[in-house]
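Chemist: give me a model of this one.
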Amino acid sequence: MADAPFDADRWTSDLRASWTSAAPDYDRLSMVHFPPVARTFLRFAGVAEGAAVLDVACGTGLATMAAAEAAGEKGKVTGVDLAPGMVELARLRAKERGYANVSVLEKNAEDLDFPDGVFDAAVCQLGLMLFARPDKALAGMRRAVRPGGAVACLVQGLGERMLFTGLILGKALKYATQLKTPGAPTLFGFGPEGTLTAAFQKADLKEVEEKRLSGTFEFSSPQSYWDAMTAGAGRLRGVMETMSGEDREALRTEVLAAAQEHVQGGRLRMPYEFVMARGLKAP
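Modeler: Residues are numbered from 1 along each chain as shown. Below you'll find the predicted structure:
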């Protein structure tokens, strides 16, 4: 029997639900590990003081706040995310930090209905590889920036180098084959050399630059890695809720054993690799 065709709208609806459910746990995970990545990414994106910035798939606001810091009081940052749970936490974070120049909207990255050319830059941290129609998102980001403005995205790299997520996902596929939907986006789809650049060029972005960012994320133990990833990783969290208790325990045992190989000096050090690309809208 042939596989059913990929349902992009259903995928997007599921993303909305799963990331809303995971938002508080994802927030804790990201705020521990991702701030240096966000700052590096925003520097690479070239966000300048006084800039109007669009942050697409802003999540709980990590890159949004980094953009606000880079743009300063004279700048303005608009974050958008599909998941209401993410939007709520991002708004709360902006309020807590006193960012009067930050607004966060509930909006699909594939339907950016902003006027043409109203932003100086558009950024997307760890969202593009999740979208059912990433080409539409890139086209919308390009349209929304002014001529000469920048579009920048950060995505996950190659699975074998991005063990932070690759280790647990690789093991989970054995027990939850629905994680591999034919035709669906994959976390590592933009990882191969030049793939992200090609997507930018297809979106008619110019002077595209691609760069890799690698390092390690630390956890206190393999168990703390398991706890964080199974709670804070949106789609994986949802799929695991459908697994039997026996399968979840078998998966946990395999993940802990594999993670143990990366324990050094009493700490778990999980390798990561991200890919960043930046392109300009033609004047």
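
Chemist: average pLDDT across stretch 169-178?
Modeler: Averaged over stretch 169-178, pLDDT sits at 81.

Chemist: what about dumping the CA coordinates of that stretch to CSV?
Modeler: Extracted C-alpha coordinates of stretch 169-178, given in CSV (Å, rounded to 0.1, in the frame of the first residue of the first chain):
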residue,chain,number,x,y,z
LEU,A,169,15.9,11.1,17.5
GLY,A,170,18.0,8.3,15.9
LYS,A,171,17.1,6.0,18.7
ALA,A,172,13.4,7.0,18.8
LEU,A,173,12.9,6.1,15.1
LYS,A,174,13.1,2.4,16.1
TYR,A,175,10.1,2.7,18.4
ALA,A,176,8.1,5.5,16.8
THR,A,177,8.3,5.2,13.0
GLN,A,178,5.7,8.0,12.6
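
Chemist: for T197, give its distance to G279.
Modeler: According to CB to CB, to the nearest Å, T197 and G279 sit 8 Å apart. (Each C-beta comes from the backbone N, C-alpha and C, glycine too.)

Chemist: which of those two has more residues huddled nearby?
Modeler: Set side by side, T197 and G279 show more neighbours around G279, with 25 against 17, by other CB atoms under 10 Å.

Chemist: I'd say the more buried one and A150 touch.
Modeler: Yes: counting by CB atoms under 8 Å, A150 is a contact partner of G279 at 7.2 Å.

Chemist: can you show me the strands along this structure?
Modeler: 52-56, 76-81, 102-106, 119-125, 145-156, 206-219, 263-264, 267-280 (DSSP state E).

Chemist: and the last one, what other elements does it pack with?
Modeler: In this case it means strand 267-280. Packing partners of strand 267-280 (3 or more CB pairs under 8 Å, 6 or more residues apart in numbering; DSSP states H and E): helix 35-45, strand 145-156, helix 163-172, helix 195-202, strand 206-219, helix 222-232.

Chemist: comparing the ones you listed, which comes out most buried?
Modeler: strand 145-156 (a mean of 22; mean count of other CB atoms under 10 Å).

Chemist: partners of that strand, with directions?
Modeler: Strand 145-156 has its sheet partners listed here by DSSP bridges as strand 119-125 (parallel), strand 267-280 (antiparallel).

Chemist: could the ones you listed go into a markdown table alongside distance to G183 and mean pLDDT?
Modeler: Compiled in a markdown table, the strands paired with strand 145-156 are given as follows (distance: least, CB to CB, whole Å; pLDDT from 0 to 100):
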| stretch | distance to G183 | mean pLDDT |
| --- | --- | --- |
| strand 119-125 | 22 | 98 |
| strand 267-280 | 22 | 98 |
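
Chemist: need the winner for burial among the ones you listed.
Modeler: Of the strands paired with strand 145-156, strand 119-125 is the most buried (mean count of other CB under 10 Å), at a mean of 28.

Chemist: report the longest helix in this structure, please.
Modeler: helix 8-33 (DSSP state H).
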